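Student: what follows is a protein structure lacking sequence information:
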């Protein structure tokens with residue numbers, strides 16, 4: 001049987017990689033092409049082709065080159081099976097993650113539409129169960145680690161303020177999300193805001209004014225007059241920041257308090 005040999009050019013064309021990539025894999029011991037004694041050129045065999053397919057497969061799964069080498073040359077059948085089981089778990093978690101992100105994007109879009117159509121209106125609504133972790137600049141603070149984890153998952157979190165509430169000696173600047181997202185991220189050390197009926201308003205801060213308790217003063221006055229009572233804790237969640245056609249800077253905050 002005639003054994004097919006592939007040149008460096010053939011390998012680059014077939015797999016869409018560069019000569020330097022092939023040389024790098026060779027230096028790492030991942031590929032071992034034969035040198036033709038007649039012309040000194042490399043010749044890649046069926047084994048090299050299969051190895052390169054494995055290299056690209058393991059790299060696509062997120063393996064490092066070192067782990068890829070182990071997978072090709074060292075792993076036993078039970079170990080490969082265990083690795084595949086691990087990836088099934090990883091992909092299952094990814095499916096859950098993207099499903100949650102789809103839900104979050106859909107919910108965020110409702111806030112954007114509300115801001116477009118009902119900016120400044122006072123309404124009543126049921127809140128979701130929320131979860132927040134405070135900002136802290138002290139690495140020794142137990143909340144610092146949780147804040148960092150929230151920063152690592154900002155696709156789920158946004159900035160918020162908790163104003164005049166029981167902050168448990170925390171700063172009022174927080175990273176907030178729905179509790180279901182925090183549960184998925186296994187973030188349990190934070191403050192939970194149970195569901196409640198709320199009075200809400202989407203407000204627009206024009207310019208680069210700092211977001212502090214002054215942004216909700218007008219909201220507090222309006223709802224106090226409307227409901228003939230005082231309101232303690234006010235939450236202000238950042239929805240978006242943007243420039244308009246006149247290059248003015250806007251900050252949309254969704255502010256609410258418990259009825």
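Tutor: That came through fine. Just so it is clear, the structure is predicted and the values come from calculations on it, not from any experiment.
Student: contacts, neighbours, all on C-alpha from now
Tutor: Noted.
Student: so what touches stretch 98-111?
Tutor: 155, 156, 181, 239 (C-alpha atoms under 8 Å, 6 or more residues apart in numbering).
Student: which SSE is the nearest residue to the first one once chain neighbours are set aside in?
Tutor: Counting by C-alpha to C-alpha, 6 or more residues apart in numbering, residue 155 lies nearest to residue 101, which is 7.7 Å off, once chain neighbours are set aside. Element membership of residue 101, judged by DSSP states H and E, is helix 77-118.
Student: could you do residue 204 as well?
Tutor: Following DSSP H and E, one finds residue 204 within strand 197-206.
Student: list the buried residues for that strand?
Tutor: Applying a neighbour-count criterion of 16 or more other C-alpha atoms under 10 Å, one finds 198, 199, 200, 201, 202, 203, 204 buried in strand 197-206.
Student: wait, residue 216 sits on residue 255?
Tutor: Yes: using C-alpha atoms under 8 Å, residue 216 is in contact with residue 255, at 7.3 Å.
Student: got any residues that touch both of these two?
Tutor: Joint contacts of residue 216 and residue 255 (C-alpha under 8 Å, 6+ apart) are 234, 236.
Student: of the two, who's got more company?
Tutor: Comparing residue 216 with residue 255 by other C-alpha atoms under 10 Å, the one with more neighbours is residue 255, at 24 against 20.
Student: what score does the more buried one have for pLDDT?
Tutor: Residue 255 carries a pLDDT value of 94.
Student: can you give me the helices for the stretch 151-259 of the chain?
Tutor: Assigned by DSSP state H, counting those that start in this stretch, the helices in the stretch 151-259 of the chain fall at 179-184, 217-227.
Student: out of those, the one nearest residue 120 is which?
Tutor: helix 217-227 (9.2 Å; C-alpha to C-alpha).
Student: contacts for the closest one, please.
Tutor: Against helix 217-227 from outside (C-alpha under 8 Å, 6+ apart): 122, 199, 201, 230, 231, 255.
Student: so which bits of that helix are buried?
Tutor: For helix 217-227, the neighbour count (16+ other C-alpha under 10 Å) marks 219, 220, 223 as buried.
Student: returning to that earlier point: does anything pack onto the strand holding residue 204? Which helices or strands?
Tutor: helix 77-118, strand 122-126, strand 249-258 (3 or more C-alpha pairs under 8 Å, 6 or more residues apart in numbering; DSSP states H and E).
Student: now the angle from it to helix 77-118?
Tutor: Angle, strand 197-206 to helix 77-118, by axes from the mean of the first three to the mean of the last three C-alpha atoms, to 10 degrees: 80 degrees.
Student: give me the sheet partners of strand 197-206 and which way each runs.
Tutor: strand 122-126 (antiparallel), strand 249-258 (antiparallel) (DSSP bridges).
Student: between those, which one is closest to residue 51.
Tutor: strand 249-258 (53.8 Å).
Student: now the closest one, how far from the chain's geometric center?
Tutor: 23 Å (C-alpha atoms, centre = their mean, to the nearest Å).
Student: list the contacts of that strand.
Tutor: So strand 249-258 is contacted by 115, 196-208, 216, 219, 231-244 (C-alpha under 8 Å, 6+ apart).
Student: what's the helix or strand for residue 56?
Tutor: Residue 56 belongs to helix 46-60 when assigned by DSSP H and E.
Student: tell me the gap between that helix and the middle of its chain.
Tutor: With C-alpha atoms, centre = their mean as the basis, helix 46-60 stands 30 Å off its chain's centre.
Student: run through who's touching the helix or strand just after that helix.
Tutor: Tracing the chain past helix 46-60, the next element assigned as helix or strand by DSSP H and E is helix 65-73. Helix 65-73 has contacts (C-alpha under 8 Å, 6+ apart) with 29, 30, 51, 54, 55, 58, 59, 80.
Student: from the chain's centroid, how far away is helix 65-73?
Tutor: Worked out by C-alpha atoms, centre = their mean, helix 65-73 lies 29 Å from the chain centre.
Student: all good on my end, thank you.
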